[in-house]
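**Q** Next input, structure requested:
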Amino acid sequence: MEEKELEVKETQESMADYAKELEASFRTIKEGDIVTGTVISVNEEEVILDLQYYAQGVIRAEDMSSDPSYRLMDEVKPGDTLEATVAKTDDGEGNILLSRKEAVQVLAWDELKKDLEEKKVLSVKISEAVKAGVVAYVEGIRGFIPASQLSLSYVENLDEWVGRQVDVRVITVDEEKKRLVLSAKEVEKERKEEETNHKIAMLVPGAVTEGVVESLMPYGAFISLSDGLSGLVHISQISQRRIKKPSEVLKVGDRVKVKILNTNNNKISLSMKAVEENTENGEEEKVSAAQYSSREEVTTSLGDLLKNLKL
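**A** Sure, this is the predicted structure:
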């Protein structure tokens, strides 16, 4: 039974192979076509592809990418699937000469437009510094990162960024003008916001903490808290007495105690007035408790005296 199943399986496999060969024999590849192949071998000079065709495909190193820092042995390995444009149907040795560079020029722009729409984060290596920015390649396409889009902080020396691997987002794609603009700042800003929001989510409403007044506005005071966070004490929450402006009570640099009211919409709402109220209530409770203890002691002492008195 097992032998019969094995024979059937081998027959099916041979028929499948025959079907592939038959399909390849009817297939016609011509110059300008974009074909897909699997990498069979790679060396410093060329890549050999299996095109499921009677002839193999060859991509020379210089036809792989426009990126001057591109290294064939580092970027390609056997088993990879590549798309390339047919440059010649015969390179003189019976192989089909292909160009990955040309295919990228056709296919990459569509992919970059998709990356723009999806706000995809791409990892790129900065290859050179130019006037007002740096250059990085995406799929062989030259992209420009303006100095203002490199980081959240001011970038003084662009040369220091050459060779760095950075995460970027596509912000401009213009195929007609061959213009690709990238931004590392957008990715950094988004990640910082996520980190800040996570820290805010960890705060407990009702907790009392300390902070430093970092700025005064007509509507309240911004307080610098620990972990790089900042919260607002609205003017109505600064003092128990009515004030017309925060500067009547506070000045920049003051260290204050504040109570966390809420963290709605990832904004920290604080109160100084609530801390004052809690302090006063706490003192009243202590006084009441002390008075109660005193009365109890007096009553007990009087009872003892009467008990021992003989009438």
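**Q** Is D80 in contact with V39, as I believe?
**A** Yes. Taking Cβ atoms under 8 Å as the definition, D80 is a contact partner of V39 at 4.5 Å. (Each C-beta comes from the backbone N, C-alpha and C, glycine too.)
**Q** So for those two, which sits in the more crowded spot?
**A** The neighbour comparison of D80 against V39 (other Cβ atoms under 10 Å) goes to V39, with 18 against 13.
**Q** Isn't the more buried one up against I48?
**A** Yes. V39 is within contact range of I48, at 7.3 Å (criterion: Cβ under 8 Å).
**Q** Would you state the helices of the stretch 201-311 of the chain in chain order?
**A** Using DSSP state H, counting those that start in this stretch, the helices found in the stretch 201-311 of the chain span residues 273-308.
**Q** Can you pull out the low-pLDDT segments for it?
**A** Applying pLDDT under 70 to the stretch 201-311 of the chain picks out residues 280-311.
**Q** Now do the helices in the stretch 1-150 of the chain.
**A** All helices of the stretch 1-150 of the chain, identified by DSSP H, counting those that start in this stretch, fall at 2-26, 72-75, 100-118.
**Q** mean confidence for stretch 98-116?
**A** Regarding stretch 98-116, the rounded mean pLDDT is 88.
**Q** Enumerate the positions of that stretch that are buried.
**A** By 16 or more other Cβ atoms under 10 Å, the buried positions in stretch 98-116 come out as 98-105, 107-109, 111-112, 115-116.
**Q** now swap in stretch 230-246 and tell me
**A** Buried residues in stretch 230-246 (16+ other Cβ under 10 Å): G231, L232, V233, H234, I235, Q237, I238, S239, P246.
**Q** List the neighbours of that stretch that are in contact with it.
**A** Identification of contacts with stretch 230-246 by Cβ atoms under 8 Å, 6 or more residues apart in numbering yields 211, 214, 216-225, 249-250, 256, 258, 260-261, 267-274, 276-277.
**Q** out of those residues, which are inside strands?
**A** 211, 214, 216-217, 220-224, 256, 258, 260-261, 268-271 (DSSP state E).
**Q** Filter these down to the buried ones.
**A** If we count by 16+ other Cβ under 10 Å, the ones in strands among the contacts of stretch 230-246 have these buried: 211, 216, 220-223, 256, 258, 260-261, 268-271.
**Q** want to throw these into TSV with distance to E75?
**A** TSV is the format used below for those (distance: Cβ to Cβ, whole Å):
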residue	distance to E75
G211	51
L216	56
G220	55
A221	55
F222	49
I223	51
V256	57
V258	54
I260	51
L261	55
I268	47
S269	52
L270	53
S271	58
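**Q** how about the buried residues of stretch 98-116, which pair is most distant?
**A** L98 and L116 (28.1 Å; Cβ to Cβ).
**Q** nearest spatial neighbour of V86, skipping sequence neighbours?
**A** D33 (4.7 Å; Cβ to Cβ, 6 or more residues apart in numbering).
**Q** what's the spacing between that neighbour and A87?
**A** Going from D33 to A87 by Cβ to Cβ, to the nearest Å gives 10 Å.
**Q** more crowded one of these two?
**A** A87 (18 against 14).
**Q** My understanding was that G133 contacts W161; is that so?
**A** No. Using Cβ under 8 Å, G133 makes no contact with W161, being 9.6 Å away.
**Q** can you give me the strands for the stretch 51-200 of the chain?
**A** 57-60, 81-88, 96-99, 121-130, 133-138, 141-146, 165-174, 179-183 (DSSP state E, counting those that start in this stretch).
**Q** Would you mind listing the buried residues in the fourth one?
**A** So that's strand 121-130. Across strand 121-130, burial judged by 16+ other Cβ under 10 Å covers L122, V124, I126, S127, A129.
**Q** Only alpha carbons, please: show that strand as CSV.
**A** Provided in CSV are the C-alpha atoms of strand 121-130 (Å, rounded to 0.1, in the frame of the first residue of the first chain):
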residue,chain,number,x,y,z
VAL,A,121,8.5,53.7,9.1
LEU,A,122,11.6,52.8,7.0
SER,A,123,15.2,52.2,8.2
VAL,A,124,17.8,54.0,6.1
LYS,A,125,21.5,54.6,6.2
ILE,A,126,22.7,58.2,5.7
SER,A,127,25.2,58.2,2.9
GLU,A,128,26.3,61.8,2.6
ALA,A,129,25.8,65.3,3.9
VAL,A,130,24.8,68.0,1.4
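**Q** State the distance spanning the first to the last residue of stretch 128-139.
**A** Stretch 128-139 has its terminal residues 16 Å apart, counting by Cα to Cα, to the nearest Å.
**Q** next one: it to chain centre, how far?
**A** 21 Å (Cα atoms, centre = their mean, to the nearest Å).
**Q** Check stretch 163-182 too.
**A** Using Cα atoms, centre = their mean, the offset of stretch 163-182 from its chain centre is 17 Å.
**Q** Please work out which residues outside that stretch touch it.
**A** If you take Cβ under 8 Å, 6+ apart as the criterion, stretch 163-182 is touched by 109, 112-113, 115-116, 119-126, 136, 138, 141-146, 149-150, 183-184, 186-187.
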